[in-house]
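Q: Sharing a model that was predicted from the sequence below.
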Amino acid sequence: MISSAIRNYGLNTSTLKVLEILPENAHGDLHFKIEVDGVCYSARFVGSDRYDHDVFGYLTDDVLVEQMRFCDYLNDHGIPFMLRKTPADGSTFIHFTWDNVHYRFLLFEWIEGEHITHCTPDIAYKFGVLARRYHDVSGSFDSPLPRISHLVGYQKFIGMIQSDLDSVALSNEDKQLLQAYINQSEHLIKCSFSDAPDFIMQSDLNPLNIIWGGHDDVIGIIDFEHIGYTDRIECLAWLIKWYSRTHGIGSSEVSSFSAQSLLRGYRAEEFLTSKDIVRLQSLVWLSGCLNWGFVVGALDILNERNGRSQSELKEHLKAYQLRGEKLLALLT
């Protein structure tokens, strides 16, 4: 499969080595670390039907072309983004079918380094500096991709939960608890609204997409399928959530020192007003407490699927409520 795909790049398939099969994600794309002629690459087979909902948008060919154009733009402007290899015919990517499944195949130079997920104030500050440089560069990039607030996605998440809540048999107590959580989410969405959003292009900058070198310097940024327009302060909320975590990507332990360090590195004081800080607090809560992890967990519990039971609902809500309290305290 890989050998057939890389022929379109003019590479010597006889030297191909598959070094690693990367874990599958929810979207079902295939990702491999390969070596050809002594050079390591990230080989990605991107599917067409990636989700059973539209919350994350659709990765059409036109969208993928714009995302690759943005990758090139970042590299041309000094941002250490993943560097793509162009197919031999000069196209952006190739269409590839294997076992009657259609993919878009892309090849990037492999970036060797480490992920730092236990964030210290120093790491948060350094990443804040890079994120500001990234956003200053990306702010000048113009694309026909849609400008859609994360709040639209949060509202869709609430709609998915509310629909199932209204259709399943659940105790009155549990219904009231979940409805109260939904009401709090809706209130914070209102607090997060802006009538003058500052849309910039961005990729997913979570710590698992950031490659650090030996001297705690960022040497690479990976991820392309999440590239799109996002409001700058909404971007900042996600960065605060990710880079305030002290015990890894799956932990809910966060540090206000790291959050403030990230903001200093980002030089957020240059543009954030007191009104923006209130909005930012609400956005940080939403990023951690109305994310896909919470939603898919709630839906599985309500419908008692994937081994989950409705008896787990209280504990599920309690865990995210405690996380929300910690997130709201980061900027106070």
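A: Here it is on my side, so go on. Numbers count the residues shown, from 1 in each chain.
Q: pLDDT below threshold where in this protein?
A: Residue ranges of the chain with pLDDT under 70: 26-27, 49-57.
Q: Spell out, range by range, the helices that occur in it.
A: For the chain, the helices defined by DSSP state H occupy 2-6, 61-76, 121-138, 150-167, 172-192, 232-243, 256-266, 274-289, 292-303, 313-329.
Q: Counting by contacts, list what the fifth one packs against.
A: The one in question is helix 172-192. Contact partners of helix 172-192 among helices and strands, from 3 or more CB pairs under 8 Å, 6 or more residues apart in numbering; DSSP states H and E: helix 150-167, helix 274-289, helix 313-329. From N, CA and C alone the C-beta is placed, and that goes for glycine too.
Q: which of those is buried the deepest?
A: helix 274-289 (a mean of 20; mean count of other CB atoms under 10 Å).
Q: Rebuild the helices and strands packed on helix 172-192 as TSV, extending it with distance to residue 142.
A: Below are the helices and strands packed on helix 172-192 laid out as TSV (distance: least, CB to CB, whole Å):
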stretch	distance to residue 142
helix 150-167	21
helix 274-289	24
helix 313-329	33
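Q: re earlier: now the helices of the chain in a markdown table, with distance to residue 89?
A: Shown next, in a markdown table, are these (distance: least, CB to CB, whole Å):
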| stretch | distance to residue 89 |
| --- | --- |
| helix 2-6 | 14 |
| helix 61-76 | 15 |
| helix 121-138 | 29 |
| helix 150-167 | 36 |
| helix 172-192 | 45 |
| helix 232-243 | 35 |
| helix 256-266 | 41 |
| helix 274-289 | 41 |
| helix 292-303 | 37 |
| helix 313-329 | 48 |
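Q: follow-up on the earlier one: the helices and strands packed on helix 172-192: which one's closest to residue 227?
A: helix 150-167 (14.6 Å; CB to CB).
Q: ok now the closest one, how far from the chain's centre?
A: 19 Å (CA atoms, centre = their mean, to the nearest Å).
Q: and if you look at stretch 36-44?
A: From the chain centre to the centre of stretch 36-44 is a distance of 24 Å (CA atoms, centre = their mean).
Q: Am I right that residue 15 is in contact with residue 34?
A: No. With contact defined as CB atoms under 8 Å, residue 15 does not reach residue 34; the gap is 10.1 Å.
Q: And these two? Which one has more around it.
A: Neighbour count, other CB atoms under 10 Å: between residue 15 and residue 34, residue 34 has more, with 21 against 11.
Q: my guess is that one contacts residue 43, does it?
A: Yes. Between residue 34 and residue 43 there is a contact at 5.0 Å, judged by CB under 8 Å.
Q: Mutual contacts of the two, please.
A: Jointly contacting residue 34 and residue 43 under the rule CB atoms under 8 Å, 6 or more residues apart in numbering are 2, 6.
Q: So for this structure, the centremost residue is which one?
A: The residue lying closest to the centre of the chain (CA atoms, centre = their mean) is residue 204, at 3.8 Å.
Q: Check whether that one really touches residue 224, as I assumed.
A: No. Using CB under 8 Å as the test, residue 204 is too far from residue 224 to be in contact (9.1 Å).
Q: returning to that earlier point: who wins for proximity to residue 111 among the helices of the chain?
A: Ranking these by proximity to residue 111 (CB to CB) places helix 61-76 first, at 11.9 Å.
Q: tell me which strands and helices that closest one is in contact with?
A: Applying 3+ CB pairs under 8 Å, 6+ apart, one finds that helix 61-76 makes contact with strand 84-85, strand 101-109, helix 121-138.
Q: next one: stretch 100-115 to chain centre, how far?
A: With CA atoms, centre = their mean, you get 17 Å for stretch 100-115.
Q: tell me which residues in that stretch are buried?
A: With burial defined by 16 or more other CB atoms under 10 Å, the residues of stretch 100-115 counted as buried are 103-108, 110-111.
Q: In those residues, find the pair that's most separated.
A: The distance between the two most remote of the buried residues of stretch 100-115 (CB to CB) is 22.3 Å, for 103 and 111.
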